[in-house]
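Enquirer: Model the following, please.
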Amino acid sequence: MAQALIFVIFTTFSTFSIAEIEDFGVTKSTLENGLKIIVKVDNRAPVFISQLWYKVGSSDEHSGLTGISHMLEHMMFKGSSKYPAGEFSKIIAKNGGTDNAFTSRDYSAYYQKMHKSKLALSLELEADRMQNLVLQKTEFEKERKVVIEERRLRIEDNPNAKVYEHLQLISFAQNSGYYAPIIGFQNDIGGVFLQIPLLEHTLIIRVASEMPALLSQLQPHRL
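Expert: Got it, this is the predicted structure:
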């Protein structure tokens, strides 16, 4: 179901006309503040998948700051002024849901899958952490170690991934947004870019470019 939703998001801005999109049961609207909402109704189960997409990814980073979008993804689960670190996912789980996030070159996304009656809770939690995220140094240092190990596991200890990363380096200019790996270079992860103010700046950029999407049994006019 999530894959179908991602497909709809991509095709909305590519080869399909508005009429064709409506044939797939997809509704698209834009709020007065510029927030874009895409809804795909699916009546196979009484659940929803809410995805909040931000048009910021690793291609927006600069040399020496690689991996900062991915690092912020980790920090988004480390608490707000209202909910302490780890509480976000605990609340989702207590209400029978699951949540996660992913970062790519041109976007970052955060999602929850829950019973349709919990949609308001999902959106409230997302809004809270986007406005009131607390970036604590202790949590930051923990996540830096996690990301370093993640890179070692996914790239440093994976011959195929190392070859792919090398192909990226020789395929794009060094000043290109697509030169560096999404997770960042090892030196950047463990070095100068891990500064709280830089993460806060990235957060501000993301707040200005969010695009939520829903795959659910709910009707668009009730959202």
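
Enquirer: From now on I want contacts and neighbour counts done on CA atoms only, so please keep to that.
Expert: OK.

Enquirer: in the protein, which helix or strand is least confident?
Expert: Scoring the helices and strands of the chain by mean pLDDT, DSSP states H and E places helix 2-12 at the bottom, with a mean of 34.

Enquirer: ranges for the helices of the chain?
Expert: Remark: helices assigned in the chain by DSSP state H are 2-12, 18-23, 68-75, 87-94, 119-132, 137-151, 159-171, 186-189, 196-207.

Enquirer: Spit out the contact partners of the most centrally placed residue in the chain.
Expert: Centroid-nearest residue in the chain, with Cα atoms, centre = their mean: A109, separated by 2.2 Å. For A109, the contacting residues are 51-54, 101-103, by Cα atoms under 8 Å, 6 or more residues apart in numbering.

Enquirer: For the residues you listed, which single residue is the most surrounded?
Expert: Neighbour counts for the contacts of A109 (other Cα atoms under 10 Å) peak at Q51, which has 26 neighbours.

Enquirer: May I ask you to confirm that that one is in contact with M114?
Expert: No. Under the criterion of Cα atoms under 8 Å, Q51 makes no contact with M114, lying 11.7 Å away.

Enquirer: Overlap in contacts, the two.
Expert: Common neighbours of Q51 and M114 (Cα under 8 Å, 6+ apart) do not exist.

Enquirer: was I right about Y54 contacting S108?
Expert: Yes. Using Cα under 8 Å, Y54 is in contact with S108, at 5.2 Å.

Enquirer: For stretch 174-181, list every residue counted as buried.
Expert: Within stretch 174-181, the residues that qualify as buried are 177-181, counting by 16 or more other Cα atoms under 10 Å.
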